[in-house]
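> Here's my sequence, what's the structure:
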Amino acid sequence: MTPKGLLLLFLVFAPSGLAEAQAEFEQTAYEEPRVVFDFYFDEPEKINAALFWIRSLTGPLLESPYDMAPEMMDIKVIIHGTEIVTVAKRNLARYRDAVERMRYYAALGVEFRVCALAAQDYDYSAQDFHDFITIVPSAITDLAHWQQRGYAVITPNIMIKKHAIEEIR
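Numbers count the residues shown, from 1 in each chain. The predicted model follows:
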């Protein structure tokens with residue numbers, strides 16, 4: 001049999017043997033996270049999806065087998081895009097769900113930091129923000145500061161979901 005014939009024979013019969021194999025689960029030995037999230041979105045509503053990124057980080061670590069207490073996690077969120085309007089008190093009615101989720105995470109120890117330069121662009125001052133917000137001089141400077149101290153920087157890439165999971169599964 002020629003090499004091409006052997007290859008064709010392998011391709012025809014190999015998948016049936018491989019169909020029984022499955023993915024392997026690895027229980028990664030995670031350590032206490034030191035993370036800074038970079039929130040800079042073109043639409044304020046994208047903060048809702050971005051907050052799931054925090055849940056995706058903290059959720060598994062709070063549960064068994066890790067059982068980390070919230071104080072074992074050092075997580076900061078730097079807000080400096082259009083989502084800044086979600087943390088302004090005057091917009092509470094419109095963004096209540098996001099604010100309540102941020103309050104929950106803040107109670108777990110997540111720090112929400114707003115860029116003073118962005119606040120100035122929106123004509124906001126300290127009294128315009130909820131009490132769980134800390135204002136920092138500059139988002140970019142703050143990101144550099146925490147990255148230099150060994151924090152992982154995570155920038156959520158929030159896309160518009162066009163298909164329900166059930167449609168594409």
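
> residue ranges of the helices in the chain, please?
Under the criterion DSSP state H, the chain contains helices at 3-18, 46-62, 92-107, 116-121, 139-148, 165-168.

> Out of the ones you listed, which is closest to E26?
Of all these, helix 46-62 sits nearest to E26, with 12.8 Å by C-beta to C-beta. All C-beta spots, glycine's among them, are computed from the backbone N, C-alpha and C.

> follow-up on the earlier one: Serialize the helices of the chain to TSV and add fields for distance to A29 and mean pLDDT.
Below are the helices of the chain laid out as TSV (distance: least, C-beta to C-beta, whole Å; pLDDT from 0 to 100):
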stretch	distance to A29	mean pLDDT
helix 3-18	30	56
helix 46-62	12	96
helix 92-107	25	98
helix 116-121	38	98
helix 139-148	24	98
helix 165-168	30	86
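
> To I158, which of those helices lies closest?
Taking C-beta to C-beta, helix 46-62 is the member of those nearest to I158, at 4.2 Å.

> Enumerate every residue touching V36.
Shown in contact with V36 (C-beta atoms under 8 Å, 6 or more residues apart in numbering): 75-78, 142-143, 146-147, 151-154.

> what about 7 Å?
76, 78, 143, 146, 151, 153 (C-beta atoms under 7 Å, 6 or more residues apart in numbering).

> and the last one, what does it touch?
Contact partners of V153, counting by C-beta under 7 Å, 6+ apart, are 36, 38, 143, 147.

> Quick check: chain neighbours aside, which residue is closest to the spatially most central residue of the chain?
Of all residues in the chain, the one closest to the mean position by C-alpha atoms, centre = their mean is W53, 2.5 Å from it. Spatial nearest neighbour of W53, excluding adjacent residues (C-beta to C-beta, 6 or more residues apart in numbering): P156 at 4.6 Å.
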